[in-house]
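A.B. asks: Model the following, please.
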Amino acid sequence: MVLPLALDAAADWATDPAVQALGSLDAVLCCNVIHIAPWAVAEGIVRGAAQSLAADASLILYGAFRRGGRHLSERNASFDAALRADNPDWGVRDLDDVAALAAKAGLGPARITAMPNNTTCWWRSAARGASLPRMSTDSEQGHRWHDMGGRDAGEIARGEHDHALWEKRVDALMRIASAKGYFTVDGLRRVLEDMPPDSYETMTYYERWIHSITQNLIEADAFTIEDLNARMEEVAARGATYGEAQGVGEGGAGE
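C.D. replies: Numbers count the residues shown, from 1 in each chain. Sure, this is the predicted structure:
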C-alpha cells in the first residue's frame with residue numbers, strides 16, 4: 001500500500017523523490033481542485049502529469065468548467081462568482097484554457113463527458129515525450145471515431161431531398177435558441193462529437209441535432225429532464241398525429 005504524499009501541486013511535484021520512486025504512474029486523478037486554487041496549481045498538475053504518466057496513461061480532471069467562455073448553467077455562474085468573491089485567484093476554469101495547458105505539455109487529445117450536478121469529467125491520454133498527433137491517417141492517433149477527414153467514406157449521396165416538417169422545426173429551434181444565447185455552434189458540435197458510435201451511426205442527421213439541442217438546453221437550465229419527460233407524456237397523449245388529437249377525419253373536417 002502506498003501512503004499519501006504531501007505535495008505542492010503548483011511546484012514541480014513530478015521531480016519529488018517520493019513521486020519518482022513510484023515509477024511511471026498509471027493515472028493522475030484530480031477532483032474539484034483547480035477551481036478552488038490559483039491557476040498555478042492547474043499548470044503544475046498538468047505539467048507534472050505529463051512528466052510522470054506512463055505511455056497511454058490518463059490525466060483526469062473532474063469539476064465545474066466553462067466552455068467557450070460560457071458557464072454550463074446558472075448554478076455554475078453563481079458558484080464562480082462566490083469563489084472569486086472569496087479569492088480573486090479562484091474560479092471556474094474554461095476547458096479551452098486547460099486544453100491549451102495540456103497541448104503545451106504534450107498530452108494527447110481530450111475526451112469530455114457530461115456528469116451530474118453540472119460538472120464535467122475531462123481527460124487526455126498521455127504519451128510521455130510524444131508530440132500531439134497529426135490528423136492524417138487512420139494509423140495515427142488523433143482521429144475521433146466519427147471524424148472522416150482523410151478517410152474513405154464510401155459513396156456520398158448528393159441528391160436533394162424534401163425535409164419533413166419535424167426536421168424544419170428542429171432547424172428553427174436551433175436558430176431561435178442559439179439567437180437567444182442558450183448555446184453556440186461549438187456547444188452543439190461538442191455534444192455531437194461526444195456521442196457513442198452506436199447512437200451516432202443509427203440516428204439521422206436531424207435526430208442527432210435534436211439530441212444535441214436538448215442536451216445544451218438542459219445544461220443552460222432552460223428546462224430540466226423532469227420538465228421534458230412531463231411534456232413528452234402530454235404530447236404522447238395527443239395521439240400519433242395532431243389530426244388525431246384534434247379529431248380530424250380523412251376528409252379534413254373536424255368531427
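A.B. asks: tell me the domain boundaries of this protein?
C.D. replies: The chain breaks down by automatic domain parsing into domains covering 13-126, 165-237.
A.B. asks: looking at those domains, which is buried most?
C.D. replies: The highest mean neighbour count among the domains of the chain, using mean count of other CB atoms under 10 Å, belongs to domain 13-126: a mean of 17. Glycine gets a C-beta too; all of them are placed from N, C-alpha and C.
A.B. asks: Spell out which residues sit in contact with the residue nearest to Leu83 when sequence neighbours are not counted, please.
C.D. replies: Setting aside the residues directly before and after it, Leu83 is nearest to Trp90 in space (CB to CB, 6 or more residues apart in numbering), at 4.4 Å. Residues near Trp90 by CB atoms under 8 Å, 6 or more residues apart in numbering: His35, Ile36, Ala37, Pro38, Leu83, Arg84.
A.B. asks: now, among those residues, which is nearest to Tyr62?
C.D. replies: Checking the contacts of Trp90 against Tyr62 by CB to CB gives His35 as the nearest, at 10.7 Å.
A.B. asks: Next, the residue sitting nearest the centre point of the chain: secondary structure please.
C.D. replies: In the chain, the residue lying closest to the centroid (CA atoms, centre = their mean) is Ile112, at 4.3 Å. Secondary structure for Ile112, judged by DSSP: H, G, I helix; E, B strand; the rest coil, is strand.
A.B. asks: partners of it in the sheet?
C.D. replies: Ile112 has the following beta-bridge partners by DSSP bridges: Trp122.
A.B. asks: tell me the pLDDT at it?
C.D. replies: With respect to pLDDT, Ile112 scores 74.
A.B. asks: Touching, Cys31 and Gly63? I think so.
C.D. replies: Yes. Using CB atoms under 8 Å, Cys31 makes contact with Gly63 at a distance of 6.7 Å.
A.B. asks: Now render the domains of the chain as TSV, adding distance to Pro4.
C.D. replies: Below are the domains of the chain laid out as TSV (distance: least, CB to CB, whole Å):
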stretch	distance to Pro4
domain 13-126	10
domain 165-237	34
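A.B. asks: Looking at the ones you listed, spot the one closest to Leu3.
C.D. replies: Of all those, domain 13-126 comes closest under CB to CB, at 9.3 Å.
A.B. asks: any idea how far that closest one is from the chain center?
C.D. replies: Put simply, domain 13-126 sits 14 Å off its chain's centre (CA atoms, centre = their mean, to the nearest Å).
A.B. asks: picking that back up, quick one: closest of the domains of the chain to Glu155.
C.D. replies: Closest among the domains of the chain, using CB to CB: domain 165-237, at 16.0 Å.
A.B. asks: mind pulling up the phi and psi values for the residue nearest to Leu83?
C.D. replies: Per-residue torsions, Trp90: phi -100, psi 180 (degrees, to the nearest 10).
A.B. asks: For the stretch 51-200 of the chain, which segments count as strands?
C.D. replies: Using DSSP state E, counting those that start in this stretch, the strands of the stretch 51-200 of the chain run over 53-63, 65-67, 70-71, 93-94, 110-115, 119-126.
A.B. asks: so the residue lying closest to Ala105 once chain neighbours are set aside is in which element?
C.D. replies: For Ala105, ignoring the flanking residues on the chain, the nearest one in space by CB to CB, 6+ apart is Ala50 at 3.7 Å. Ala50 belongs to helix 39-52 when assigned by DSSP states H and E.
A.B. asks: All set, thanks.
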